[in-house]
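**Student:** A structural model of the following input is requested.
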Amino acid sequence: MVTRLMLERYEDWLERGSYKDSRLLHSDKSDRIQVCPSHLGQGYRQEIPLRDDLSLVIENYRLDRNLVIDIPSHNSFVAFGFPLTGADARHSLFDVCFGLREIHIKQSQQQIFNVEIVFKQSTTAIYLQEFMARLFPQTLDIAEQVIRSIYRYRKGYSSSNTKEMLERVLQDTISVDSHSSQATLEQVLSGTVYPEIQDIEYARHNLISATMERVIGQILSCPYQGTTRRAYLKQKALNLVTLYFEEGMLRSRLNKSDLNYIYQAEKILKSQSINPPTTEMLAKQVGTNRFKLNQGFHQVHNTTPFGYLRNYRLRKAKRLLMTSELSVEEVAAAVGYKSRSNFAIAFRQQFGVNPKVLQMQVRQEVS
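**Tutor:** Down below sits the predicted model:
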C-alpha cells in the first residue's frame, strides 16, 4: 500500500512529540521532537539545534506502508548522513538540496536509524565546495554542469564563474508558489546530464570508519545536559564532518592511468547501453584485464562495470518517467529492458517504488 503526501516541508509528515519521550537516548527542552503517526508506523525524529546554521538530527522509525512525499522545497542545505541500518548502512552520505521540488520515497518494513548533520544556507556553499574539491576530474565536470543547469533554469542565463553560480543557487530563497519550486532535478537537467549524476551519487558515499563509529556512539550516548550538551554535540558533529572528508581523500588516490581506463569503460558502456559488450570484451577494449577493471570500478564507484550500467539505465528511466509521455513499457524498452516485469523489479529495488506509481505521482501533480 502506498500513501502519497504533498507537503510544504519534508518533516511535515510527522506529528509533534515531547522531549520526555522514553524512546529518546537523550534530550533537552530545546530539541524539536516529532513522532511517526500511528497510522503510518512508529518512531521519532529528533532535531538538536547546535548553532544558527547547524543542527544534529537523529531519526529512528519504521513505516507500515510505503510513502511518497512530494515537497516544493525552498530552503537550501547540505547534510552529512550516517545511516546505521537499511540499504546504506555502513556508508556515510553527503547530500545537498538546491531548493528544487523533491519527491522522497520511503519504503515500509525497514528500520531507519540515522544520524545526520545539517548545515543551513549561510554555510552550505563552503561544504559543497569542499566536497567538489575532492571529486575526480570527470565527476567534478558533471557537478559543474549540474550547477550551471540549475542556475540557467533559475536566472534564464549562464555564467562563466562556477563558484559565483554555486553561491547564488544556494543563497536564493525560493517561494513555494514560484516556478522554480515546482521543478524537480530530473526536469531541470537535460537527458544527457541527468544520467551522469550517478557518478556524483557514488562519490558522495564513503565507508563509515571505526573512528566514525566511535564518534557516532559518543553522540548517541551523550551524558551531558544544557549548554554543556550542546557544546559537546557540536564538537562531535564537526568531528564527524572532518572524518567524512578524510575518508573521501583515501579513495581519491588512484593513478591517472587507472582512472583513464575506468573513464574509457564508462563511455563505452553508456554509448552501448542497449547492447553492451561483455566484461572481458570491455576490459580488452580499454587495455586491461577483467580483474583490474572490476577492481577499479569498485574503488571509484563501489560497484562492478555492469552494476554501473544498470544504475545508468535506471536513472535514465527515472527521468523519462518524470518528464516524458512514454508508457512504462516504452521507457523500459528505451533503456534496454525487454521485459516490463524485469524492469519494474529492478526499478523498485533501485528507487523503492514501482515505476508506474512514480509516473502517476508526477503526472497527478502536473495535471
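**Student:** all contacts plus neighbour counts: C-alpha atoms, from now on.
**Tutor:** Noted.
**Student:** residue nearest the centroid of the chain?
**Tutor:** For the chain, the residue sitting closest to the mean C-alpha position, by CA atoms, centre = their mean, is Asp95 at 5.2 Å.
**Student:** Now do that one against Ile262, distance only.
**Tutor:** Counting by CA to CA, to the nearest Å, the gap from Asp95 to Ile262 is 25 Å.
**Student:** ok, now Glu213?
**Tutor:** Taken as CA to CA, the span from Glu213 to Ile262 is 31 Å.
**Student:** mind listing what Trp13 touches?
**Tutor:** The neighbours of Trp13, taking CA atoms under 8 Å, 6 or more residues apart in numbering as the test, are 5, 7, 36.
**Student:** what number of residues lie near the first one?
**Tutor:** Per other CA atoms under 10 Å, the neighbour tally for Leu5 reads 17.
**Student:** swap in the last one?
**Tutor:** Applying the criterion other CA under 10 Å, we find 20 residues in the vicinity of Cys36.
**Student:** pLDDT weak spots in this protein?
**Tutor:** Low-confidence segments of the chain, defined by pLDDT under 70, are located at 73-74, 172-181, 250-254, 364-367.
**Student:** just the strands in it please.
**Tutor:** Using DSSP state E, the strands of the chain run over 2-6, 15-16, 32-35, 41-51, 54-63, 66-72, 77-83, 91-97, 101-106, 111-119, 205-207.
**Student:** what lines up beside the fourth one in the sheet?
**Tutor:** I take that to be strand 41-51. According to DSSP bridges, the neighbouring strands of strand 41-51, each with its direction, are strand 32-35 (antiparallel), strand 54-63 (antiparallel).
**Student:** Tabulate these (JSON lines), appending mean neighbour count and distance to Ser149.
**Tutor:** Listed next are the strands paired with strand 41-51 as JSON lines, based on neighbours: other CA atoms under 10 Å; distance: least, CA to CA, whole Å:
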{"stretch": "strand 32-35", "mean neighbour count": "21", "distance to Ser149": "35"}
{"stretch": "strand 54-63", "mean neighbour count": "20", "distance to Ser149": "28"}
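**Student:** closest to Ala133 out of those?
**Tutor:** strand 54-63 (21.8 Å; CA to CA).
**Student:** What are the contacting residues of that closest one?
**Tutor:** Outside of strand 54-63, the residues within contact range by CA under 8 Å, 6+ apart are 36, 40-50, 107-120, 233, 237.
**Student:** Tabulate the strands paired with strand 41-51 (TSV), appending distance to Gln225.
**Tutor:** Output for those, formatted as TSV (distance: least, CA to CA, whole Å):
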stretch	distance to Gln225
strand 32-35	15
strand 54-63	15
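**Student:** wait, which of those strands is closest to Gly287?
**Tutor:** Ranking the strands paired with strand 41-51 by their distance to Gly287 (criterion: CA to CA) puts strand 54-63 first, at 46.6 Å.
**Student:** so how far is that closest one off the chain centroid?
**Tutor:** A distance of 16 Å separates the centroid of the chain from that of strand 54-63, by CA atoms, centre = their mean, to the nearest Å.
**Student:** Keeping just the C-alphas, turn that strand into PDB.
**Tutor:** Below are the C-alpha coordinates for strand 54-63, written out as PDB (Å, rounded to 0.1, in the frame of the first residue of the first chain):
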ATOM      1  CA  LEU A  54      23.900  23.800  12.300                       C
ATOM      2  CA  SER A  55      21.600  21.000  13.600                       C
ATOM      3  CA  LEU A  56      22.100  17.400  14.600                       C
ATOM      4  CA  VAL A  57      19.200  15.100  13.600                       C
ATOM      5  CA  ILE A  58      18.600  11.600  15.000                       C
ATOM      6  CA  GLU A  59      15.900   9.500  13.200                       C
ATOM      7  CA  ASN A  60      14.600   6.200  14.500                       C
ATOM      8  CA  TYR A  61      11.400   4.900  12.900                       C
ATOM      9  CA  ARG A  62       9.700   2.000  11.000                       C
ATOM     10  CA  LEU A  63       6.900   2.500   8.500                       C
END
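**Student:** what are the bridge partners for the residue nearest to the centre of the chain, then?
**Tutor:** Here Asp95 shows beta-bridge partners Ala79, assigned using DSSP bridges.
**Student:** Show the contacting residues for it.
**Tutor:** Applying CA under 8 Å, 6+ apart, we find Asp95 in contact with 78-81, 204.
**Student:** Swap in 7 Å and give it another go.
**Tutor:** With contact set as CA atoms under 7 Å, 6 or more residues apart in numbering, Asp95 has these partners: 78-80.
**Student:** The protein - how does it break down into domains?
**Tutor:** If you go by automatic domain parsing, the domain ranges for the chain are 1-253, 256-366.
**Student:** For this structure, which helix extends over the most residues?
**Tutor:** Looking only at the chain and at elements set by DSSP state H, the helix with the highest residue count is helix 226-251.
**Student:** Distance from the chain centre to it, please.
**Tutor:** Between the mean C-alpha point of helix 226-251 and the mean C-alpha point of its chain there is a distance of 20 Å (CA atoms, centre = their mean).
**Student:** returning to that earlier point: so which of the strands of the chain comes closest to Lys318?
**Tutor:** Going by CA to CA, the one of these nearest Lys318 is strand 101-106, 11.8 Å.
**Student:** partners of that closest one in the sheet?
**Tutor:** As defined by DSSP bridges, the strand partners of strand 101-106 come to strand 66-72 (antiparallel).
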